[in-house]
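Q: The following comprises the amino acid sequence and a computationally predicted model.
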Amino acid sequence: MARLWGRKKRGLTLIELLVILTLTLIAASILYPVISPPRAEPGSAPGFMCRTFPRQIGTAFRMYASDYDERLPPAGYEAAPFQHVSWHNLLDPYIKRADIWRCGLRYPNRKEHSPSEVDYGYNARYLTTLARDFSNWNDHSGISLDRVEEAAKVVLIADSHASRYGGRCREEGKFLLPPSEFPADCWGRPDPRHARGANVIWLDGHSSLLQPAQFYSGQHPTDRFFDLKSDPGAGWQGTDSYPIPRRKAGSRPAAARAGKAEKR
């Protein structure tokens with residue numbers, strides 16, 4: 001019988017296995033972002049979403065001011081008996097997402113929220129003429145932007161929670177207290193919910209993730225990043241009068257709608 005000559009079939013060496021494994025991992029890292037679910041889907045990554053929401057809210061503030069002669073929205077007013085409209089309701093026409101006002105990191109197990117609830121606080125003591133005790137709730141206004149000397153150093157909104165729990169507004173703090181003021185019902189303090197940092201949107205539109213000590217507590221002067229003056233020691237709080245635009249929450253002014261139609 002003829003003898004068969006030839007090389008024996010050998011297996012893969014350790015180096016070859018490592019090379020194949022490395023190439024596989026590289027291919028997986030390239031393909032994963034394409035085949036994985038988008039991170040921006042509601043509820044899929046609450047931390048990521050909560051960090052992007054404030055920037056969209058800051059844009060809504062600027063759009064509102066553009067529609068109302070460069071004035072910021074009031075903190076709110078009574079639209080009907082026992083029916084109140086707040087600043088975030090007034091911004092709804094400029095917002096594309098219905099879930100933008102809530103951060104999933106605070107309430108991971110809650111599926112539904114009231115339209116009145118919001119997890120961000122508005123610097124209403126300096127950016128509106130609202131009194132601390134809400135005595136002028138129906139007779140106050142947002143300030144004109146020409147009052148601001150350095151918008152990049154004035155807090156517009158920040159992640160917030162109640163400054164006083166158990167009050168009539170429960171855990172909400174949709175109106176952000178300046179550092180100089182004591183806790184009060186419905187007024188909030190910064191909430192460092194993102195690795196001990198809070199999202200801060202400044203009046204010029206840029207955003208920061210800061211610890212409270214970097215913009216709130218321990219500052220000199222006390223209200224350094226809440227006052228409107230480039231010299232914070234001036235301590236100005238608006239007293240100008242301006243009629244509140246009375247309209248239903250969820251609708252944009254007719255003049256603004258007409259202007260958008262002309263541009264199209």
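A: Now that the structure is in, tell me what you want to look at.
Q: residue ranges of the strands in the chain, please?
A: In the chain, the strands defined using DSSP state E lie at 76-80, 83-86, 120-122, 155-162, 175-176, 187-190, 198-202, 207-210.
Q: Any buried residues in the last one, and which?
A: The reference is to strand 207-210. For strand 207-210, burial by neighbour count (16 or more other CB atoms under 10 Å) applies to 207, 209, 210. From N, CA and C alone the C-beta is placed, and that goes for glycine too.
Q: okay if I get the strands of the chain as TSV plus mean pLDDT?
A: Formatted as TSV, these follow (pLDDT from 0 to 100):
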stretch	mean pLDDT
strand 76-80	90
strand 83-86	88
strand 120-122	93
strand 155-162	92
strand 175-176	94
strand 187-190	93
strand 198-202	92
strand 207-210	91
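Q: Just name the most buried of those.
A: A comparison of the strands of the chain by mean neighbour count, using mean count of other CB atoms under 10 Å, puts strand 120-122 on top with a mean of 28.
Q: Which strands or helices does it pack on?
A: helix 46-67, helix 87-91, strand 155-162, strand 175-176, strand 187-190 (3 or more CB pairs under 8 Å, 6 or more residues apart in numbering; DSSP states H and E).
Q: Give me the average confidence score over stretch 128-141.
A: Across stretch 128-141, the average pLDDT comes to 94.
Q: Apologies, that question was intended for stretch 214-231.
A: Mean per-residue pLDDT for stretch 214-231: 87.
Q: that older thread, and the helices and strands packed on strand 120-122: which comes nearest residue 220?
A: Minimum separation from residue 220 across the helices and strands packed on strand 120-122 (CB to CB) falls at strand 155-162, 16.0 Å.
Q: one step back: out of the buried residues of strand 207-210, the closest to residue 13 would be?
A: residue 209 (48.8 Å).
Q: coming back round to it: pipe the helices and strands packed on strand 120-122 into TSV and attach distance to residue 216 per row.
A: Formatted as TSV, the helices and strands packed on strand 120-122 follow (distance: least, CB to CB, whole Å):
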stretch	distance to residue 216
helix 46-67	16
helix 87-91	20
strand 155-162	8
strand 175-176	9
strand 187-190	5
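Q: Quick check: which of the ones you listed is nearest to residue 73?
A: With CB to CB, the closest approach to residue 73 among these belongs to helix 87-91: 4.5 Å.
Q: Show me what that closest one is packed up against.
A: Under the contact rule (3+ CB pairs under 8 Å, 6+ apart), helix 87-91 is packed against helix 46-67, strand 76-80, strand 120-122.
Q: Take the ones you listed and lay them out in a markdown table including distance to residue 27.
A: A markdown table is the format used below for those (distance: least, CB to CB, whole Å):
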| stretch | distance to residue 27 |
| --- | --- |
| helix 46-67 | 25 |
| strand 76-80 | 54 |
| strand 120-122 | 42 |
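Q: Mean neighbour count, the ones you listed: which tops it?
A: The highest average neighbour count among these, using mean count of other CB under 10 Å, belongs to strand 120-122 at a mean of 28.
Q: Nearest to residue 229, out of the helices and strands packed on strand 120-122?
A: strand 155-162 (13.8 Å).
Q: Tell me which strands the closest one pairs with, and in which orientation.
A: strand 120-122 (antiparallel), strand 187-190 (antiparallel), strand 198-202 (antiparallel) (DSSP bridges).
Q: ok, residues contacting the shortest one?
A: If you take CB atoms under 8 Å, 6 or more residues apart in numbering as the criterion, strand 120-122 is touched by 53-54, 57, 75, 87-88, 101, 128, 156-160, 173-177, 188-190, 199.
Q: repeat for the second one
A: Strand 187-190 is contacted from outside by 121, 132, 158-164, 172-177, 181, 183, 198, 200, 212, 215-216, using CB under 8 Å, 6+ apart.
Q: Ok, the last one next?
A: Strand 198-202 is contacted by residues 50-51, 53-55, 57-58, 61, 120, 151-160, 190-192, 207-212, 215 when judged by CB under 8 Å, 6+ apart.
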